[in-house]
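Undergrad: Any chance you could fold what I've pasted below:
(2 chains)
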Amino acid sequence: MNDETTDILLVEDSQDDARFFTRAIEESRLGTRLRIARNGVEAMAMIFGVGDPDQAMPVIWPRLVVLDLKMPMVGGREVLRRLKGNLHTRSIPVVVFSSSVEKRELVESYHLGANSCVVKPTDFEEFRKAVRLLGQYWLQFNQPSKP
Amino acid sequence: MRADQQLKASLKEIDDLKAALDQHAIVAITDPQGKITYANDKFCIISKYSRAELLGQDHRLINSGHHSKEFIRQLWKTIASGKVWKGEIKNRAKDGTFYWVDTTIVPFLDDDAKPRQYVAIRADITERKRGEAAREHLAAIVNSSDDAIIGKTLKGIISSWNPGAEKMFGYRAADVIGKPVTILFPPELVSEEEEILRRIARGENVKHFETVRVRKDGQRLDVSVTISPIVNPAGEIVGASKVARDITERKRAEAEIRQLNLELEARVAKRTAQLKAANEELEAYSYSVSHDLRAPLRAMNGFARILEEQCHDQLAPDARHAIERISANAAKMGQLIDSLLDFSSLNWRPVTKKPVTPAAIARMVYEELRPESNGHRVEIKIDNLPRCEADPTLLKQVFVNLLSNALKYSRNRNPAKIKVGWRKEADGPVYFVQDNGAGFDMEHAGKLFRVFQRLHTSDQFEGTGAGLAIVDRIIQRHGGRIWAEAAVDQGAIFYFTLGRSPVKS
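TA: Coordinates of the predicted model:
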């Protein structure tokens, strides 16, 4: 069972960053289908619906989850822990995409199963480039495990 | 003839007696005025004068000065009145040494009962006197000691008791001599005595045994006791001497020190925990600051860019310039945040010293920086710097900041000249980075290493003002020093040391 409507699920509380991300994705003209959750709670609801996140089958199967770490209430770390803790969702690639990644958080993120960690560039050109490369790599080059 | 024979026999007897006396005693004869008229061999030997030197001399020749005038006056009064005098006299030999003689002086009277001569018969008692003096000396030591010195028998009965013991335990000698030593023991420690007596009987010492004893008034004392067997000349153990020292004060001081140490340890542990918490808080704060400050910067930068891209054709040149300035300032602020974080992270990041080769680090850094000089002519000289111990990452940062400064401030020179060198000083090598660039006025040198303080405007030379502050902090964390020498338009030299560490050539 695959969800054919979502390529990237962006979990991002900053509307500005979400907008830049969207813009960068659109500029790359790959027809990438992007959904945005504005915080951890919304992300969990999108993925698991009303089911128990620890064991429920997901209701959507994004090909990539891009995750901001620092968000109010349920943070990116918690989302990562749930996604990688659930047998059904743990093969979904997750890229941590945060303004600054403290070493301790880097270690913790990989320990929880993050597939990649990328620091969000401050400069808009760099940001655009990072988003474009992320999309190219994870959606075009990377071979996912087919659920 | 018969009388003659009798006389001969009498004289012979007198000679024999005299010979026997000369063998036994020191004999001297003086006239009533004290002039020596006869001295036997023994007198010559002990006084170390020859007979010729003694005869005819006043007997005061051998006076030692030891005895009082009164003593001498009594002596003369006695013998002058025809009575025998007995006593011990200290005399002085020719070589200045002293000797003691047990003396009997017999006056011989003439017919009108006046002394005709005095015969002094003496025995050498110098050895005995010396022994007595030694004993008195020892007794004085025992009596004047602050330690309690107690003699006891093999059955533990007190046999002697010095004033120190009197003072320490509050009993007078008469109170305790003949009593068991256990009267000084607290009831629960009386059993110690059995073991002590057993060891003494085996000829062993008990040394610096710390225990508790009780005064007459019931007060307890911490004491250090040393007990040794007393051995008589025949080699038999006849008792024990016990030296007790009051260590109550020492014990109290020790307890106080222990208590202070515990408090100190607790305080250190508390401070360490506080410091650790403060560091963690600072780290979290820095992280949060960097995250929170960067997000709006990205927004400024991003929207300025979008505005420019989308509305480029509608924008007047002034407006386009304004947008450019927004972007440039956002970028500058990003750099400031990075510098601030780099700088503050030096406060908590551990410094891990390892043997390093500073010259290799400096060369590597220069290779990395060279592209930034945009083909400008630079003459660089990196000397063979001595190896030392430093945190490699941080030392690299030192060279990055100093060399990029050197390149930056010398870019108006043709050619720019940069030298990385060192000189030997008493407390280790002093490294330096020298350029022939813009330099600065030494009057402002004090501001040089302060964070965000700059000696040049951004229009002249770009920068955030954190570079040298970071270098300063790194050098500080290594226990080293940094200073600079410069003059306006004469270039600058930055010197630094890396603290005491074994230097390998």
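Undergrad: Around the nearest residue to A:Phe48 once chain neighbours are set aside, how many other residues sit close by?
TA: In space, A:Phe48 comes closest to A:Ala56 once its chain neighbours are excluded; the distance is 4.8 Å by C-beta to C-beta, 6 or more residues apart in numbering or on different chains. For every residue, glycine as well, the C-beta is placed using N, CA and C. Using other C-beta atoms under 10 Å in any protein chain shown, A:Ala56 has 15 neighbouring residues.
Undergrad: now B:Arg220
TA: 11.
Undergrad: tell me the contacts of it?
TA: B:Pro186, B:Val212, B:Arg213, B:Val214 (C-beta atoms under 8 Å, 6 or more residues apart in numbering or on different chains).
Undergrad: List phi and psi for it.
TA: Torsion angles at B:Arg220 (phi, psi; degrees, to the nearest 10) stand at phi -90, psi 150.
Undergrad: avg pLDDT for the helix or strand containing B:Gln5?
TA: Assigned by DSSP states H and E, B:Gln5 belongs to helix B:2-24. Helix B:2-24 shows a mean pLDDT of 87.
Undergrad: Give me the nearest residue to B:Tyr409, chain neighbours excluded.
TA: Leaving aside its sequence neighbours, B:Tyr409 sits nearest to B:Gly437 (C-beta to C-beta, 6+ apart; 3.6 Å).
Undergrad: Phi first, then psi, for the one you found.
TA: According to degrees, to the nearest 10, B:Gly437 has phi -90, psi -150.
Undergrad: Then the one 5 residues further on?
TA: With angles defined as degrees, to the nearest 10, B:Met442 sits at phi -60, psi -20.
Undergrad: Can you point out the buried residues in the strand or helix carrying B:Leu403?
TA: In this assignment (DSSP H and E), B:Leu403 forms part of helix B:392-409. In terms of neighbour count (16 or more other C-beta atoms under 10 Å in any protein chain shown), helix B:392-409 has its buried residues at B:394-409.
Undergrad: Stretch B:456-469 now?
TA: B:Phe461, B:Gly463, B:Thr464, B:Gly465, B:Ala466, B:Gly467, B:Leu468, B:Ala469.
Undergrad: Over to stretch A:111-129?
TA: Result for stretch A:111-129 [16+ other C-beta under 10 Å]: buried residues A:Leu112, A:Ala114, A:Asn115, A:Ser116, A:Cys117, A:Lys120, A:Pro121, A:Thr122, A:Asp123, A:Phe124, A:Phe127, A:Arg128.
Undergrad: Now do the contacts for the fourth one.
TA: Spelled out, that is A:Ser116. Per C-beta under 8 Å, 6+ apart, neighbours of A:Ser116: A:Pro93, A:Val94, A:Val95, A:Val96.
Undergrad: Pull the most distant pair out of these.
TA: A:Pro93 and A:Val96 (11.1 Å; C-beta to C-beta).
Undergrad: is it true that B:Asp441 touches B:Asp489?
TA: No: applying C-beta atoms under 8 Å, one finds B:Asp441 not in contact with B:Asp489, separated by 10.2 Å.
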